[in-house]
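K.L.:
Based on what follows, work out the 3D shape:
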Amino acid sequence: MKIILLTDVKKQGKKGEIIEVKDGYANFLIKEKKAVSATSGSIDRLNKENSLKALEENLLIKEMQSLKVKMEKDNYTFKVKTGTSDRVFGSISTKQIANLLQSKGYDINKKQISLDHELSSLGVHDVDIVLHKQVKATIKVNLVK
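P.N.:
As a prediction, the model looks like this:
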């Protein structure tokens, strides 16, 4: 029997997939409200939902790309304490970068920021920010005395 999954089902498939299972298992999934039978009407509804999701995803990607351009134009500067021979005390963390971005009006959390290396020396450093799985911004963070 062909069914459309309404939720992720372990070892069967993900939400929105059309799969073929035995009749007894299909009845169990339908009673548990984890699936519906794959009729022409339900398949049409699934196709409409998938096209709507794709449209929303494309709009989100365009929005994130415009945010990326805006973020990459801004300047990000941290004033740090230095010791002898301009060595920085400590380093700049992703949390500090996220706080700076939030103070400038961007809704970014520290998990979206990826650092290749510690920001523990004076100068300009590249920092990658994952805005979307397909959109990654690279901002320049400047450490000054």
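
K.L.:
residues in contact with residue 91?
P.N.:
118-120 (CB atoms under 8 Å, 6 or more residues apart in numbering). All C-beta spots, glycine's among them, are computed from the backbone N, C-alpha and C.

K.L.:
before we move on, what about residue 36?
P.N.:
So residue 36 contacts 3-4, 6, 30, 42 (CB under 8 Å, 6+ apart).

K.L.:
Recalculate using a threshold of 10 Å.
P.N.:
Counting by CB atoms under 10 Å, 6 or more residues apart in numbering, residue 36 touches 3-6, 26, 29-30, 42, 45-46.

K.L.:
same check, this time on residue 125
P.N.:
76, 78, 92, 97, 115-119, 139-143.

K.L.:
so it sits in a helix?
P.N.:
No. Counting by DSSP: H, G, I helix; E, B strand; the rest coil, residue 125 is not part of a helix but strand.

K.L.:
what sits opposite it in the beta ladder?
P.N.:
Beta-bridge partners recorded for residue 125 (DSSP bridges): residue 141.

K.L.:
Work out the gap between the one helix or strand residue 30 maps to and the centre of the chain.
P.N.:
Element membership of residue 30, judged by DSSP states H and E, is helix 23-31. The chain centre lies 34 Å from the centre of helix 23-31; the measure is CA atoms, centre = their mean, to the nearest Å.
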